[in-house]
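**Q** would you be able to build a 3D model of this:
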Amino acid sequence: MSIDSHHSSFSSFKSYLNALRDTPRRLARRAGSVSTTFDETSGVRFRYGGNMRKTLRWYDLICFGVGGMVGAGVFVTTGTASHDKAGPAVVLSYAIAGFCALLSAFCYTEFAVHMPVAGGAFSYIRVTFGSFTFSAHRDCESVSHLCNLIVFINVISGEFMAFLTGANLIMDYVFSNAAVARSFTTYLGTAIGVSAESKWRIAIAYLPEGFNQLDFIAVIVIIILTVIICYSTRESSVLNMIFTALHILFIMFVIMMGFWRGDPKNFTQPSDPTHPGGFFPFGAPGVFNGATLVYLSYIGYDAVSTMAEEVKNPVTDIPIGVTGSVILVTVLYCLMAISMSMLLPYDLINPEAPFSGAFMGKSNRWNWVSNVIGAGASFGILTSLLVAMLGQARYLCVIGRSNIAPLWFAKVHPKTSTPVNASVFLGIFTGAIALFTELDVLLNLVSIGTLFVFYMVANAVIYSRYASVGTKSPWPTLSFLFCFSCTSVLFTLLWWLVPPGKPKVIVLGACSMVIIGLVVVFNYAVPQARKPEFGGVPLMPWIPCVSIFLNIFLLGNLDGPSYARFGFFSALVVVVYVVYSVHASFDAEEEGILTHGNLEVGKESIELEDLTPKLQI
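**A** Have a look, this model is predicted:
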């Protein structure tokens, strides 16, 4: 099948109208359909352009992870999180977000080791949650209404839920890359002593606030990096290593300057006595609000998992690369947050350039420090952009392979072994967003999408361990996941709605006991159907359950406008799926490219398990 072949549903306007009339039947057939682990790891790759070249090792992945996370996180979100959300307690915000990211990293690692493909969370959700539709219905058709409800909810999983997850991931990457690129302009201006706001950005009076500052430097940077990632993954890795090494030196410089020139009293005393004081000026809610915001800082490790298809030895390299980079970056984040809080009172921190701004306005003999920090931040931002743009292109490439996005995106260039079409398209899209959209408009929307995706992956790893198609009923696992999520949502609502005091402590304590009890009962009553030999999540099901709870809790700390934007984008994704994706995948199934059933998933999963030890060779 050629990548350029057109689908019958789109061959003419009349054909498309007929396809639209048939939408309900096609939705019922395709929305819960499943891909297989075998097809994800072999078949689709060769149908659409062949393999990406295996050139990466664990040290490449650690450098990609560090480079991808540090630049975007500390130098973009720390200022806003400290100034507006958490104050000096932003260090705890980073620790909470880092702990949550580490738990999610364990879940990603298990999937990436046993399914080393470029699709990341998209492929994990597509294989896992599509695989129970028919067997769950067969097992539960004579059981309780609760089970039938759970089956109904999850019938829309599989292809549809994977598409929603993949679209959110791409949204996260595009918006976060746009935010980071705009921050690059600010730090580059600081490095050479120029005000980016007044000299480099062009104000357009008739555009709405937040969208009226045009940033052409950010667009140029994105275009240059797009060209680099189209050329070669190996060369991109070498360039990333160089940038990351320089960046780590700047990070150590920033940490040392903060501990040397900083004042511990800034941890508790704002510059303006009328502002809230103490280490927790905005209380515990401020810490969690800050954690939600800085969670954007950890999106880089997700990009590492998308490179699994290009890793020489996934069994050993992926766990080291993913978890190692998260741990290292969390330590660096916390040290840098402490350094920044010592340099300035939280109410004087510049939200867009917190570290370099700490030395601006001081005596002339310290201005050079601001310039050095600006240069270091610029290197860090370039590395994070490079990694994230590599990751976003691979997500879109695999979505194209699945036939729910145009097949043009799936093409891997035969000479460069890179997804050139996906890289160019997303580079243009990211540049357009970075041209006019301000930082604060982007950050919360990125956080909500990231938390949603990590929540889905944690659920998927529990399901894949405790439910086995054809041999084990999935409904106890589905019931547990449903009840656990609902109880976590209840805890989050109680946290915000119940007034402070003893009643709140009692209510939250009771809800916590219910949450723990659910996990204990499930762990005792439902044995694991599968225990991976390599790269499995330890302490099952506790680690993914804590990840689910923390992701839900952090989602509860986002503001209303963020949910409104997320709802709008999700509705747009649903429309795209209904008017295009379901018909494209239906045509592919009719042509024998995609499958509908899932009765062989268990068989092919076993085949993949048998293949895993061979990957060490």
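**Q** how is this protein divided into domains?
**A** Recorded structural domains for the chain (assignment: the TED database) are 56-128+168-471, 474-527.
**Q** lowest-confidence helix or strand of the protein?
**A** When each helix and strand of the chain is scored by mean pLDDT, DSSP states H and E, helix 601-611 comes last, with a mean of 40.
**Q** and residue 139, what pLDDT?
**A** Looking at residue 139, its pLDDT reads 46.
**Q** no no, residue 509
**A** Confidence score, pLDDT, at residue 509: 88.
**Q** which parts of the one helix or strand it maps to are buried?
**A** Element membership for residue 509 (DSSP states H and E) is helix 502-525. Within helix 502-525, the residues that count as buried by 16 or more other Cβ atoms under 10 Å are 507, 511, 515, 518-519, 522-523. For glycine as for every other residue, the C-beta is placed from the backbone atoms N, C-alpha and C.
**Q** mind exporting the C-alpha coordinates of that helix to PDB?
**A** Taking Å, rounded to 0.1, in the frame of the first residue of the first chain, the C-alpha atoms of helix 502-525 are listed here in PDB:
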ATOM      1  CA  LYS A 502     -11.100  20.200  62.300                       C
ATOM      2  CA  PRO A 503     -14.100  19.100  60.200                       C
ATOM      3  CA  LYS A 504     -11.900  19.400  57.100                       C
ATOM      4  CA  VAL A 505      -9.200  17.200  58.600                       C
ATOM      5  CA  ILE A 506     -11.700  14.600  59.600                       C
ATOM      6  CA  VAL A 507     -13.400  14.500  56.200                       C
ATOM      7  CA  LEU A 508     -10.100  14.400  54.300                       C
ATOM      8  CA  GLY A 509      -8.800  11.700  56.600                       C
ATOM      9  CA  ALA A 510     -11.800   9.600  56.000                       C
ATOM     10  CA  CYS A 511     -11.600  10.000  52.300                       C
ATOM     11  CA  SER A 512      -7.900   9.100  52.400                       C
ATOM     12  CA  MET A 513      -8.700   5.900  54.300                       C
ATOM     13  CA  VAL A 514     -11.200   5.000  51.600                       C
ATOM     14  CA  ILE A 515      -8.600   5.600  48.900                       C
ATOM     15  CA  ILE A 516      -6.000   3.400  50.700                       C
ATOM     16  CA  GLY A 517      -8.600   0.800  51.400                       C
ATOM     17  CA  LEU A 518      -9.500   0.500  47.700                       C
ATOM     18  CA  VAL A 519      -5.900  -0.200  46.800                       C
ATOM     19  CA  VAL A 520      -5.500  -2.700  49.600                       C
ATOM     20  CA  VAL A 521      -8.600  -4.600  48.600                       C
ATOM     21  CA  PHE A 522      -7.800  -4.600  45.000                       C
ATOM     22  CA  ASN A 523      -4.200  -5.700  45.600                       C
ATOM     23  CA  TYR A 524      -5.500  -8.600  47.700                       C
ATOM     24  CA  ALA A 525      -8.400  -9.700  45.600                       C
END
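**Q** show me the contact partners of it.
**A** 476, 480, 483-484, 487-488, 490-491, 494-495, 498, 540-542, 545, 549 (Cβ atoms under 8 Å, 6 or more residues apart in numbering).
**Q** then stretch 316-326?
**A** Counting by Cβ under 8 Å, 6+ apart, 56-62, 64-66, 69, 98, 101-102, 105-106, 108-109, 112-113, 116, 298, 300-301, 304-305, 308, 311, 535, 616 sit against stretch 316-326.
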